[in-house]
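**Student:** Okay, sequence plus prediction incoming.
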Amino acid sequence: MTYIVTTNRLTKSFDGKEVVSNVNMKIRKGEIYGFLGPNGAGKTTVLKMLTNLVKPTAGEIRIFQQPLAPSSYELFKRMGNMIEYPIFYEKLTARENLELHCVYMGYHDKRAIGEALEMVNLTNIDNKPVKNFSLGMKQRLGIARALVTKPELLLLDEPINGLDPVGIKEMRSLFQVLSKEYGTTLLISSHILAEIEQIADTIGVISNGRLIEQVSMESIRGQNTEYIELVTTNRNKAVTVLEYNLQIKNFKIVDDNIIRIYETGVSQSAISKTLILHDVEVEAINKRTTTLEEYFLRLIREDNANTQLLTSRSY
Ligand SMILES: Nc1ncnc2c1ncn2[C@@H]1O[C@H](COP(=O)(O)OP(=O)(O)OP(=O)(O)O)[C@@H](O)[C@H]1O
């Protein structure tokens with residue numbers, strides 16, 4: 001297995017407070033790695049350490065199987081990134097901004113600029129200075145700048161922020177083309193779980209500075225169970241009917257009026273009919289599948305509960 005990024009016990013403290021703790025990350029060649037975590041979990045700090053914008057307090061980073069140091073110029077040339085809000089020379093055009101970036105990176109293929117602008121669909125911008133760009137256009141230009149030098153590794157922090165649904169769809173296809181056709185490795189942090197769910201090969205979940213999960217999307221999909229969600233105004237009576245009339249044992253009460261039924265042998269219509277027959281009001285009944293969002297929220301909830309437990313124990 002070829003790993004393009006590996007970190008070993010990567011740690012960062014600011015003013016004595018650890019915000020990234022012992023992160024062991026592994027990103028395979030050509031994959032899309034979705035980096036997820038709540039606000040303040042440490043995603044941007046990890047990305048900044050991978051791009052030498054922040055110096056790790058401890059731990060190691062290997063990129064393209066070589067140790068990363070501030071002087072790793074040759075490695076940085078093979079990487080593209082967009083971290084936090086992209087900043088440009090506002091009075092210059094998109095093309096001029098990309099030209100300057102290519103000079104800075106020592107990249108001389110002039111055709112690449114037109115290609116990059118086309119890839120992010122930034123067309124009809126003529127000689128417009130960047131200061132007249134909308135937020136979405138700047139975001140597209142940020143992505144174009146990250147990929148103009150045809151990097152083998154792309155690090156993108158919240159790349160679809162500020163994009164409209166059409167833009168989001170276009171970027172989704174672009175990321176897939178880069179990964180599947182060009183073999184580019186992508187690390188993408190995002191809050192939009194439904195997006196990551198559609199494109200990621202692997203996800204890493206960071207919470208309170210710790211990487212609490214690193215797993216293939218395939219295995220998450222494998223764990224995704226189908227269930228029937230029942231909404232009723234009479235939960236207790238519904239539970240009785242499920243248990244005694246339908247012999248259903250595998251269910252979970254998730255709310256005052258919501259029950260999730262995981263039993264596979266009983267059909268939705270049989271449940272519905274039996275409940276109605278026993279005067280249980282059925283407001284809604286639907287087949288559903290657990291999503292990445294539910295998976296993520298469960299992990300974060302469990303991690304926060306464990307963190308609280310540890311904190312209360314240490315006093
Ligand atoms: N330069 C800094 N000095 C002090 N604390 C910092 C600095 N940069 C980040 N932090 C703190 O580190 C923690 C992690 O921040 P980080 O920006 O990495 O999180 P994030 O997961 O990217 O969050 P978000 O999704 O909100 O961008 C936060 O508590 C933040 O306040």
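**Tutor:** Arrived safely, thanks for sending. Numbering: from 1, shown residues only.
**Student:** who does the helix or strand containing residue 206 touch, helix- and strand-wise?
**Tutor:** Using DSSP states H and E, the element containing residue 206 is strand 202-207. Contact partners of strand 202-207 among helices and strands, from 3 or more Cβ pairs under 8 Å, 6 or more residues apart in numbering; DSSP states H and E: strand 32-36, strand 210-216, helix 217-223, helix 292-313. Backbone N, C-alpha and C define where each C-beta goes, glycine included.
**Student:** what pLDDT does residue 69 get?
**Tutor:** The model reports residue 69 with a pLDDT of 90.
**Student:** Contact partners for it?
**Tutor:** Contact criterion Cβ atoms under 8 Å, 6 or more residues apart in numbering gives no residues in contact with residue 69.
**Student:** could you measure it against residue 76, distance?
**Tutor:** Computed with Cβ to Cβ, to the nearest Å, the distance linking residue 69 and residue 76 is 10 Å.
**Student:** can you list the residues of the chain near the ligand?
**Tutor:** 14, 19, 37, 39-45 (Cβ under 6 Å from any ligand atom).
**Student:** Out of the residues you listed, which sit inside strands?
**Tutor:** Using DSSP state E, the subset of the residues of the chain next to the ligand located in strands is 14, 19.
**Student:** Quick check: the two most widely separated of the residues of the chain next to the ligand?
**Tutor:** When the residues of the chain next to the ligand are compared pair by pair using Cβ to Cβ, the two farthest from each other are 14 and 37, 16.7 Å apart.
**Student:** Report the contact partners of residue 131.
**Tutor:** 90-91.
**Student:** in a helix, that's where it is, yeah?
**Tutor:** Yes. Read with DSSP: H, G, I helix; E, B strand; the rest coil, residue 131 is one of the residues of a helix.
**Student:** Could I get the pLDDT score of it?
**Tutor:** Confidence per residue is given as pLDDT, and for residue 131 that number is 95.
**Student:** Would you double-check that residue 288 falls in a strand?
**Tutor:** Yes. Residue 288 forms part of a strand when assessed by three-state DSSP.
**Student:** pLDDT value on it, please?
**Tutor:** Here, the pLDDT recorded for residue 288 equals 84.
**Student:** Tell me how many other residues surround it.
**Tutor:** 12 (other Cβ atoms under 10 Å).
**Student:** List the contacts of it.
**Tutor:** The neighbours of residue 288, taking Cβ under 8 Å, 6+ apart as the test, are 226-229.
**Student:** Show me the shaky parts of this structure.
**Tutor:** Counting by pLDDT under 70, the chain has low-confidence residues at 224, 308-315.
**Student:** hang on, the earlier thing: can you list the contacts of residue 288 in TSV and add neighbour count and distance to residue 122?
**Tutor:** Conversion of the contacts of residue 288 to TSV gives the following (neighbours: other Cβ atoms under 10 Å; distance: Cβ to Cβ, whole Å):
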residue	neighbour count	distance to residue 122
226	10	42
227	20	44
228	21	46
229	15	43
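**Student:** farthest-separated two in those residues?
**Tutor:** If you compare every pair in the contacts of residue 288 using Cβ to Cβ, the most distant one turns out to be 226 and 229, at 10.4 Å.
**Student:** shared neighbours of these two, anything?
**Tutor:** Residues touching both residue 226 and residue 229 comprise 287-288, with contact defined as Cβ under 8 Å, 6+ apart.
**Student:** the more surrounded of residue 14 and residue 37?
**Tutor:** Neighbour tally, residue 14 and residue 37, criterion other Cβ under 10 Å: the higher count belongs to residue 37, 26 against 11.
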